[in-house]
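[1] Need coordinates for the following:
(one chain, ligands or ions: 1)
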Amino acid sequence: RSFGPGRATAVAHANIALIKYWGKADETLVLPRTSSLSLTLDGLATTTTVTFTGARSDSLSLDGEEQSGEALRRVSRFLDIVRGLAGIEQHAQVDSRNDGPTAAGLASSASGFAALALAASAAAGLELSSRELSRLARRGSGSACRSIFGGLVVWRAGHDDLSSFAEPLDCPIPLAVLVAQVNAGRKAISSREAMRRTVASSPLYEAWVQRSAVDLEDALSALRAGDLGAAGTIFEGNALGMHATMISARPAIVYWEPDTVRVLDAVHRARDAGLPVWATMDAGPNVKVVTSAELATEAAAWLSTRLENIPVSVNCCGPAARLISEDE
Ligand code: PMV
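    As a prediction, this is how the structure comes out:
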């Protein structure tokens with residue numbers, strides 16, 4: 001059977017932030033200091049099946065490997081929220097598969113917790129609205145609240161659990177995101193820890209927070225005006241500004257690798273050559289490149305030929321999270 005009662009499978013796609021979420025106002029509720037804007041991708045999906053069973057504890061399998069320790073505890077804490085909402089006590093078996101690498105700064109936690117929120121709530125018999133699902137996914141990983149929706153998505157920071165959720169927006173310019181994979185390994189410092197340290201110790205952080213609010217409104221106006229150049233400049237500045245807050249934290253958090261700088265340099269040269277490309281980066285060494293859907297293949301080819309040994313993939317706008325039948 002496809003789903004419920006007791007079992008459901010969901011698919012959700014990664015999203016890449018164009019205006020970043022970096023830093024929490026509330027750690028437990030996962031309320032962000034800033035609003036953010038993202039694009040849900042058509043690749044990099046997570047497929048998750050949740051089965052509530054009579055087992056004595058929760059279990060988690062990730063890409064076929066049984067997990068213990070922090071990964072399992074994090075999923076279990078999230079399932080506690082779902083159990084609380086549904087008024088049930090059963091433990092669950094969670095089976096999750098990622099299309100892309102896990103914890104490499106390629107938004108696996110966003111697709112992961114969006115798929116888990118949808119599968120677990122459906123398996124628990126809850127019928128949540130997309131807004132309620134977005135709020136729930138947020139508790140697992142902030143950026144996951146945006147992967148509940150497809151396409152261009154804004155997460156308004158809000159001020160409490162009820163007011164902090166993501167919403168889809170019309171995208172006036174068809175966008176694409178290239179991923180230049182510098183290193184697919186697991187990052188050494190989690191985004192949770194990196195955010196904490198940045199907020200606590202970076203002298204640049206408050207300036208970035210203030211600028212971010214302006215960046216979001218300016219970027220939305222630029223997109224509405226069809227001005228990708230203006231929007232792209234804001235996206236790149238916002239992401240590099242976020243990294244400046246990390247680099248200025250004590251101790252510093254430097255996710256960059258030598259190849260990161262090579263890619264950033266290639267993106268600048270591509271722009272000088274007339275291609276509409278702007279770099280963005282998350283909590284890892286990989287570089288994503290925001291571009292127009294129309295010129296994405298050309299831009300990827302331009303970068304690929306100049307970046308030996310760094311795979312460049314093209315990702316277009318992707319769909320909202322959805323329930324599927326298991327044989328799909
Ligand atoms: O959802 P988290 O806690 O993994 O935070 C992700 C934060 C960034 O990817 C760096 C930026 C963003 O807005 O996605």
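
[2] Only C-alpha atoms from now on, for both contacts and neighbour counts.
    Fine.

[3] tell me the average confidence for the helix or strand containing Leu79?
    Applying DSSP states H and E as the criterion places Leu79 in helix 69-86. Averaging pLDDT along helix 69-86 yields 96.

[4] The very next helix or strand once past it: partners in the sheet, and parallel or antiparallel?
    Sequence-wise, the next helix or strand downstream of helix 69-86 (DSSP H and E) is strand 91-98. Strand pairing for strand 91-98, using DSSP bridges, gives strand 36-53 (antiparallel), strand 59-62 (parallel).

[5] roughly how far is the first one from the heart of the chain?
    I take that to be strand 36-53. Distance of strand 36-53 from its chain centroid, counting by CA atoms, centre = their mean, to the nearest Å, is 10 Å.

[6] contacting residues around the residue with the largest distance to the centre of the chain?
    Within the chain, Gly54 marks the point farthest from the mean C-alpha position, 32.6 Å out by CA atoms, centre = their mean. Applying CA atoms under 8 Å, 6 or more residues apart in numbering to Gly54 gives the contacts 90-91.

[7] Same check on Thr28?
    Thr28 touches Arg139, counting by CA under 8 Å, 6+ apart.

[8] part of a helix, is it?
    No: per DSSP: H, G, I helix; E, B strand; the rest coil, Thr28 lies outside any helix segment and is coil.

[9] so who does Ala194 touch?
    So Ala194 contacts 246, 253 (CA under 8 Å, 6+ apart).

[10] Can you read off the pLDDT for it?
    Ala194 is given a pLDDT of 97.

[11] related to what we said a few turns ago, show me what the helix holding Leu79 is packed up against.
    strand 59-62, helix 108-123, helix 130-140 (3 or more CA pairs under 8 Å, 6 or more residues apart in numbering; DSSP states H and E).

[12] quick check: angle from that helix to helix 108-123?
    40 degrees (axes from the mean of the first three to the mean of the last three CA atoms, to 10 degrees).

[13] domains of this structure?
    7-171, 175-316 (automatic domain parsing).

[14] Which residue does the stretch 201-328 of the chain have closest to the ligand?
    Asp282 (3.9 Å; CA to the nearest ligand atom).

[15] Looks like Val263 contacts Arg306 (just checking).
    No: using CA atoms under 8 Å, Val263 is not in contact with Arg306; the gap is 9.0 Å.

[16] State the mean pLDDT of stretch 119-135.
    Mean predicted confidence for stretch 119-135 is 97.

[17] With the ligand in mind, check whether that stretch reaches it.
    No: taking CA under 6 Å from any ligand atom as the criterion, stretch 119-135 and the ligand are apart, separated by no less than 12.4 Å.

[18] distance between that stretch and the chain's centre?
    19 Å.

[19] one step back: deepest of the strands paired with strand 91-98, which one?
    strand 36-53 (a mean of 25; mean count of other CA atoms under 10 Å).

[20] what bits of the protein have low per-residue confidence?
    1-5, 100-107, 327-328 (pLDDT under 70).

[21] Show me which residues of it sit near the ligand.
    Close to the ligand, as judged by CA under 6 Å from any ligand atom, the chain has residues 16-17, 20-22, 109-110, 141-144, 191-192, 282-283.

[22] Distance check, Asp99 against Ala45.
    Between Asp99 and Ala45 the distance is 5 Å, computed by CA to CA, to the nearest Å.

[23] again, but for Val153
    17 Å.

[24] So Val30 sits against Gly142, correct?
    Yes: counting by CA under 8 Å, Gly142 is a contact partner of Val30 at 6.1 Å.

[25] Neighbour count: these two, which is higher?
    Gly142 (29 against 22; other CA atoms under 10 Å).

[26] Give me the number of neighbouring residues for the residue of the stretch 201-328 of the chain closest to the ligand.
    Neighbours of Asp282 using other CA under 10 Å come to 23.

[27] what's the answer for the one 5 residues further on, then?
    Using other CA under 10 Å, the number of residues around Val287 comes to 28.

[28] For it, give its distance to Leu31.
    From Val287 to Leu31 the distance is 26 Å (CA to CA).

[29] How about Val11?
    24 Å.

[30] repeat for Gly226
    Taking CA to CA, one finds Gly226 at 31 Å from Leu31.

[31] which of those two has more neighbours?
    Leu31 (25 against 15).

[32] Return the residues in contact with that one.
    24-25, 142, 157-161, 164.

[33] So in terms of bridging, what pairs with it?
    The partner residues for Leu31, given DSSP bridges, come to Asp26.

[34] any residues touching stretch 311-326, and which ones?
    1-3, 8-13, 39-43, 114-115, 118-119, 147-152, 174-182, 293, 296-297, 300, 303-304.

[35] hang on, I meant stretch 115-134
    3-12, 46-52, 79, 82-83, 85-86, 88, 114, 136-137, 144-146, 148-149, 165-167, 321-323.
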